[in-house]
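**Student:** No letters, just coordinates:
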């Protein structure tokens, strides 16, 4: 009798994608801490356990409509995978910086880890506070995890670092209230934790460095990222609040939008960047782009690919007749853009990563500005953008914003932006770490694309409880292994030594996560592969 019950429970678990997703995340956490074990490891494991319990409370709140804000439907809360992202990134980077002897970035990584844990605990506290009846057992587990985390933070961080963590937490609270109110149904709670938490950390870093601008040192490329992200976000919040009181679709409002964008860009954002890099931003950018012949060739090649992507959008829309206005682009068509991203990023990673870093930041700014134009229906192109992009919507674009293309850009760019350059004197990491900048290209550009195409066309055996297929996952793993082999041939900086089994295992775990997660895979998968390759 007991054996039968255990078998039934095992079947139920395997057919529940949320439980399998949690199992994969736990496996990744244990893999990381099998390599990295320090006083933060117990905290990370305790955080994962309490996040697993809290995730069910969030899922119940979403199903019952008891959540304070409107979150993205047709997806679970995603608390567990989201809670572990920032702490694991901080711990992996800390290990690399400690090995290289870079004390400053080692301490910085500790702050990242502590901040990620604090944000995760805060989100758990919200769920427990609004759940009725009060979940006593979950409260006890969260209390134990919180005590362990707070005690460890007190032991390893200085007073100034603790204050920095609290500053990020304060920014996160206010920014969450603003963005979740202005953008209903755009995020799950887990996605909001990653995105808003990351933006809050960037804002705090920019404020901190701006206050010490006279002593500011470092690569201008990094300051360009901070100012571009924060400046673009402030523009969006400003216009969202402004157009609550005036109609955005008129020519007068559109003219005001263009004028204010120019004024804020030239009058605030550019001087802000100039204050940090101690140079005129436009002159610095021109000198940077024209520094070598290779950069000119790469820029020309990327312009060609951008034109090709635009032609694909126009061609697909021209095929949509008046009789099929509800027609949506197929999975195969949407994956054309993934292939274009691979063709864009691989040459940049091989020949000039600094240029790719700057170009990806600039592309993010352009994407955000175009989304503002589309969302507010700014003339003369706002309505046209709405018509062109509607064809490529999927079930994840359930809110007022279309974010899938921005998530794709973030997915392939974040491993490049997060790469700990100061902790790699030779410019690359040994072993599997050499593939860290390629994490986004492998997970999203190759793995996710192959899984979707082969799964939707040839797949017959579905993973229990999901729409994903075993054939899609298997071909995804195989394609990423082939891609790694090709990188060994064409990129001379990649030297894997004896880490092949770890790479295959990392790719397999992330591919299984892709099969079972209902979160934005373009965002989640590269970050987990980044962590696994980093250690």
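**Tutor:** Great, that's in hand. Keep in mind that this is a model prediction, so the values were computed, not measured.

**Student:** As a check, name the ranges of all helices in the stretch 251-400 of the chain.
**Tutor:** Assigned by DSSP state H, counting those that start in this stretch, the helices in the stretch 251-400 of the chain fall at 251-264, 270-277, 281-289, 293-318, 331-351, 353-376, 382-390.

**Student:** Go through those and name the closest to residue 418.
**Tutor:** helix 353-376 (10.9 Å; Cβ to Cβ). C-betas here are computed from N, CA, C, even on glycine.

**Student:** Residue 331 contacts residue 450, doesn't it?
**Tutor:** No. Using Cβ atoms under 8 Å, residue 331 is not in contact with residue 450; the gap is 11.7 Å.

**Student:** re earlier: of all the helices of the stretch 251-400 of the chain, which lies closest to residue 525?
**Tutor:** Nearest to residue 525, of those and by Cβ to Cβ, is helix 331-351 at 12.3 Å.

**Student:** got the buried residues for that closest one?
**Tutor:** 334-338, 340-342, 344-350 (16 or more other Cβ atoms under 10 Å).

**Student:** Nearest to residue 154, out of the helices of the stretch 251-400 of the chain?
**Tutor:** Here helix 270-277 is closest among the helices of the stretch 251-400 of the chain (Cβ to Cβ), at 32.4 Å.

**Student:** now that closest one and helix 281-289, what's the angle there?
**Tutor:** Counting by axes from the mean of the first three to the mean of the last three Cα atoms, to 10 degrees, helix 270-277 points 60 degrees away from the direction of helix 281-289.

**Student:** ok, residues contacting helix 270-277?
**Tutor:** For helix 270-277, the external contacting residues (Cβ atoms under 8 Å, 6 or more residues apart in numbering) are 209-210, 213, 216, 220, 223-224, 226-227, 231, 280-282, 284.

**Student:** I'd like the mean pLDDT over that helix, please.
**Tutor:** Taken as a whole, helix 270-277 has an average pLDDT of 90.

**Student:** Also stretch 51-63?
**Tutor:** So the average pLDDT for stretch 51-63 ends up being 85.

**Student:** Buried residues of whichever helix or strand residue 204 is part of, list them for me.
**Tutor:** Using DSSP states H and E, residue 204 sits in helix 189-211. By neighbour count on 16+ other Cβ under 10 Å, the buried set for helix 189-211 is 189-206, 209-210.

**Student:** Next, the angle helix 353-376 makes with the helix or strand following it.
**Tutor:** Next helix or strand after helix 189-211 toward the C-terminus (DSSP H and E): helix 220-242. For helix 220-242 against helix 353-376, the angle by the same axes, to 10 degrees is 0 degrees.

**Student:** Show residues contacting helix 220-242.
**Tutor:** Applying Cβ under 8 Å, 6+ apart, the contact partners of helix 220-242 are 178, 182, 199, 202-203, 205-206, 209, 216, 248, 257, 260-261, 264-265, 268-269, 272-273, 276-277, 279, 281, 284, 288, 354, 357-358, 361-362, 364-365, 368-369, 372, 376, 417.

**Student:** do stretch 139-158 as well
**Tutor:** 39-40, 42-43, 46-47, 49-50, 53-54, 110-111, 114, 117-118, 121, 124-125, 128, 162, 165.

**Student:** Stretch 53-61 now?
**Tutor:** Applying Cβ under 8 Å, 6+ apart, the external contacts of stretch 53-61 come out as 18, 22, 66-67, 76-80, 123-124, 127-128, 130-131, 135, 137-138, 141-142, 189.

**Student:** Repeat that for stretch 405-412.
**Tutor:** With Cβ under 8 Å, 6+ apart, stretch 405-412 has contacts from 337-338, 341, 345, 360, 363-364, 367-368, 371, 392, 440-441, 443-445, 520, 522-523, 525-526.

**Student:** Now with 6 Å, please.
**Tutor:** Residues from elsewhere that reach stretch 405-412 (Cβ atoms under 6 Å, 6 or more residues apart in numbering): 341, 345, 364, 367, 440, 441, 444, 520, 522, 523, 526.

**Student:** okay if I get these as a markdown table plus distance to residue 422 and pLDDT?
**Tutor:** Formatted as a markdown table, the contacts of stretch 405-412 follow (distance: Cβ to Cβ, whole Å; pLDDT from 0 to 100):
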| residue | distance to residue 422 | pLDDT |
| --- | --- | --- |
| 341 | 27 | 92 |
| 345 | 22 | 94 |
| 364 | 23 | 94 |
| 367 | 28 | 93 |
| 440 | 21 | 93 |
| 441 | 23 | 94 |
| 444 | 26 | 93 |
| 520 | 30 | 88 |
| 522 | 28 | 90 |
| 523 | 25 | 91 |
| 526 | 21 | 94 |
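
**Student:** Neighbour-wise, which one of those residues leads?
**Tutor:** Of all the contacts of stretch 405-412, the highest neighbour tally under other Cβ atoms under 10 Å goes to residue 440, namely 32 neighbours.

**Student:** Once you drop chain neighbours, what's closest to that one?
**Tutor:** Spatial nearest neighbour of residue 440, chain neighbours left out: residue 412 (3.5 Å); criterion: Cβ to Cβ, 6 or more residues apart in numbering.

**Student:** How many neighbouring residues does the one you found have?
**Tutor:** The tally of other residues near residue 412 (other Cβ under 10 Å) stands at 27.

**Student:** likewise residue 472?
**Tutor:** A count of neighbours around residue 472, defined by other Cβ under 10 Å, yields 28.

**Student:** before we move on, what about residue 356?
**Tutor:** Counted by other Cβ under 10 Å, the residues lying close to residue 356 total 23.

**Student:** Tell me who's in contact with the most centrally placed residue in the chain.
**Tutor:** By Cα atoms, centre = their mean, the chain has its centre lying nearest to residue 523, at 3.8 Å. Listed by Cβ under 6 Å, 6+ apart, the contact set of residue 523 reads 407, 410, 411.

**Student:** what helix or strand is the first one on?
**Tutor:** This points to residue 407. Element membership of residue 407 [criterion: DSSP H and E] is helix 404-417.

**Student:** and the next element down the chain from that helix?
**Tutor:** The helix or strand immediately downstream of helix 404-417 is helix 439-440, counting by DSSP H and E.

**Student:** what residues does that next one touch?
**Tutor:** 411, 412, 415, 526, 529, 530, 533.

**Student:** let's go with 7 Å and repeat that
**Tutor:** Defining contact as Cβ atoms under 7 Å, 6 or more residues apart in numbering, one finds that helix 439-440 is touched by 411, 412, 413, 414, 415, 526, 529, 530, 533.

**Student:** Count the residues that sit near the first one.
**Tutor:** Residue 411 sits with 26 neighbouring residues when counted by other Cβ under 10 Å.

**Student:** Grab the nearest non-local neighbour of residue 348.
**Tutor:** Using Cβ to Cβ, 6+ apart, the nearest residue to residue 348 is residue 356, at 3.2 Å.

**Student:** ok, now which ones touch the one you found?
**Tutor:** Applying Cβ under 7 Å, 6+ apart, we find residue 356 in contact with 345, 348, 349, 416.

**Student:** On the pLDDT front, check the second one for me.
**Tutor:** Going back to what we said before, that points to residue 348. pLDDT for residue 348: 93.

**Student:** now do the last one
**Tutor:** Per-residue confidence (pLDDT) for residue 416: 93.

**Student:** can you tell me how far it sits from residue 440?
**Tutor:** 7 Å (Cβ to Cβ, to the nearest Å).

**Student:** same thing with the first one?
**Tutor:** Noted for residue 345: a distance of 7 Å to residue 440, by Cβ to Cβ.

**Student:** got it, and the second one?
**Tutor:** When distance is defined by Cβ to Cβ, residue 348 is 12 Å away from residue 440.

**Student:** Residue ranges in this structure under the pLDDT threshold?
**Tutor:** Scanning the chain for pLDDT under 70 picks out the ranges 1-14, 216, 320-329.

**Student:** Tell me how many other residues surround residue 524.
**Tutor:** Residue 524: 26 neighbours (other Cβ under 10 Å).

**Student:** Test my guess that it contacts residue 81.
**Tutor:** Yes. Assessed by Cβ atoms under 7 Å, residue 524 is found in contact with residue 81 at 6.0 Å.
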